[in-house]
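Peer 1: return a 3D structure for these sequence lines:
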Amino acid sequence: MRHGEKAKMIKRYLLTLIALFLLVIGYLLTLLPLQIVRSHLSMAAYGKALLVWGVLVALSFVPAVSTILKKIWFFHGKGTPLPAKELRIALLAINELNIPIRITEKRKQLVAQWRYDDRKWCEYMVAAHVSRLYELRLRFNEATHTVHMSDRYRKVNFDLCPVRVRTGLLALPRPCFGLQPKKAMTIEHYGDMAPSDFSFRPAEIKSPLLNSILARGWNVRFTLL
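Peer 2: Numbers count the residues shown, from 1 in each chain. Got it, this is the predicted structure:
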């Protein structure tokens, strides 16, 4: 990663931390009016008001964090964007490689994940002490030539590997900004990698896909939802 790109990444991390801090401060400020009139309220009324405030905060927190990520974690594509169909074909070509990563089509989005249920790669993942499965979901907005990336994790149990691998039903959203700083890998580099080169970190899926999408002219926006 070049010095200028590294500086931009550091700036994104700092802006994210500042935005989250200000979000928390904003929530606390909305509690001030309730604290001011607290002495005029009965315990029951104050408890109900506090409960309503807590529910509103809980309902708005995830969308608010998602908005912060969309604003800060946006990457501009390079050059003329490929047609959406050609971009999807290029990404799905990963499935033809002998690597522990696959991309599946789910409704209108693509999902990149580890080949956890493949006997060969299952054993590598056990050796790497993988305890959670990482998924990267890609949604395509053809109007703006933007791919929306969101991170998901689900539980995994390799106790019966290679006979069977148990996974959780829910893939929960969780922000994972980690990108591989060592080199600007693309999906073309996957073909040169040996099984021992994979440590099964999210960056090994996310970085090459991000770089490949940008190189094909599409923007990338990180989002929580």
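
Peer 1: need phi/psi at residue 117.
Peer 2: phi -100, psi 10 (degrees, to the nearest 10).

Peer 1: list the contacts of it.
Peer 2: Listed by CB atoms under 8 Å, 6 or more residues apart in numbering, the contact partners of residue 117 are residue 165. Every residue, glycine included, has its C-beta placed from N, CA and C.

Peer 1: how about the residue nearest in space to the middle of the chain, secondary structure?
Peer 2: For the chain, residue 151 is the residue whose C-alpha lies nearest the centre (CA atoms, centre = their mean; 2.4 Å). Classification of residue 151 by DSSP: H, G, I helix; E, B strand; the rest coil places it in strand.

Peer 1: what's around the closest residue to it other than its chain neighbours, how many residues?
Peer 2: Among residues not flanking residue 151 along the chain, residue 176 sits closest, at 4.1 Å (CB to CB, 6 or more residues apart in numbering). Residue 176 sits with 18 neighbouring residues when counted by other CB atoms under 10 Å.

Peer 1: tell me which residues touch residue 176, please.
Peer 2: Counting by CB under 8 Å, 6+ apart, residue 176 has contacts 134, 151, 202, 206.

Peer 1: what's the spacing between the second one and residue 74?
Peer 2: Meaning residue 151. As judged by CB to CB, to the nearest Å, residue 151 and residue 74 stand 16 Å apart.

Peer 1: would you mind measuring from the residue nearest to the centre of the chain to residue 222?
Peer 2: Per CB to CB, residue 151 is found 8 Å from residue 222.

Peer 1: what touches both of the two?
Peer 2: residue 175.

Peer 1: re earlier: out of the contacts of residue 176, who's nearest residue 32?
Peer 2: Nearest to residue 32, judged by CB to CB, of the contacts of residue 176 is residue 151 at 34.4 Å.

Peer 1: list the contacts of that closest one.
Peer 2: 134-137, 173-176, 202, 206.

Peer 1: please apply the same query to residue 160.
Peer 2: Contacts of residue 160 by CB under 8 Å, 6+ apart are residue 166.

Peer 1: same question for residue 103.
Peer 2: 91-92, 94-95, 110-113.

Peer 1: how far away is the closest residue to it other than its chain neighbours from residue 96?
Peer 2: Leaving aside its chain neighbours, residue 103 sits nearest to residue 112 (4.9 Å; criterion: CB to CB, 6+ apart). Going from residue 112 to residue 96 by CB to CB gives 14 Å.
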